[in-house]
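Q: Let's see this in three dimensions:
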Amino acid sequence: MATAEDLKDALRENLERNGKLRKIKAQLRADVYSALNTSSEADQKAAPQLSSESLLINELIREYLVYNQYRGTLSVFLPESGQPEVRPFERSFLASHLNVPEGPNSVQLPLLYSLVEMAAKGRTQPPQAKPT
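A: Numbering: from 1, shown residues only. Prediction:
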């Protein structure tokens, strides 16, 4: 007969195998952060002022998180970073501003993927150490 510990282990293994445990943990972290964040009005008033560069970078991160369905991470990222809930830029603006060419296949992926690919193609030699 299976013990309670055996059942607990089997349940944990099953949840880990199908990816549910990771999602449950992420959602729990997001809920705890949200509860802590909304309980303090002083923290809400102290939202960081975002530079235009930070706003752009945060939008790239948001697009990546949404694409990969990291909802728990996104729910913590937006209030913690001070990024507006409503997207301040259209994807086409970001692509144009960052000089990322858009093709029929690239539109389906976050711009971060294109930026990484462009950086990798542009690098023909390993980076050299700066002279001291």
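Q: So residue 110 is in contact with residue 67, correct?
A: Yes: here residue 110 reaches residue 67: they are 4.7 Å apart, a contact under CB atoms under 8 Å. The C-beta positions use only the backbone N, C-alpha and C, and glycine is treated the same way.
Q: Look at these two and report which has more neighbours.
A: Neighbours per residue (other CB atoms under 10 Å) separate residue 110 from residue 67, with residue 110 holding more: 20 against 14.
Q: list the contacts for that one?
A: Residues counted as contacts of residue 110 (CB atoms under 8 Å, 6 or more residues apart in numbering) are 60, 63-64, 66-67.
Q: Looking at the host helix or strand of residue 5 now, give me its mean pLDDT.
A: Assessed by DSSP states H and E, residue 5 sits inside helix 4-17. Here helix 4-17 scores 83 as its mean pLDDT.
Q: buried ones in the helix or strand containing residue 54?
A: Assessed by DSSP H and E, residue 54 sits inside helix 52-67. If you call a residue buried by 16 or more other CB atoms under 10 Å, then helix 52-67 has these buried ones: 56, 58-65.
Q: what are the phi and psi angles of residue 113?
A: Torsion angles at residue 113 (phi, psi; degrees, to the nearest 10) stand at phi -60, psi -40.
Q: now it: how far from residue 119?
A: 11 Å (CB to CB, to the nearest Å).
Q: Residue 9 too?
A: With the distance defined as CB to CB, residue 9 ends up 44 Å from residue 119.
Q: ok, the two, which is more surrounded?
A: Neighbour count, other CB under 10 Å: between residue 9 and residue 119, residue 9 has more, with 12 against 9.
Q: mind listing what that one touches?
A: Residue 9 sits next to no residue when contact means CB under 8 Å, 6+ apart.
Q: one step back: just checking the distance from the helix holding residue 54 to the centre of its chain.
A: Its chain's C-alpha centre and that of helix 52-67 lie 8 Å apart, by CA atoms, centre = their mean, to the nearest Å.
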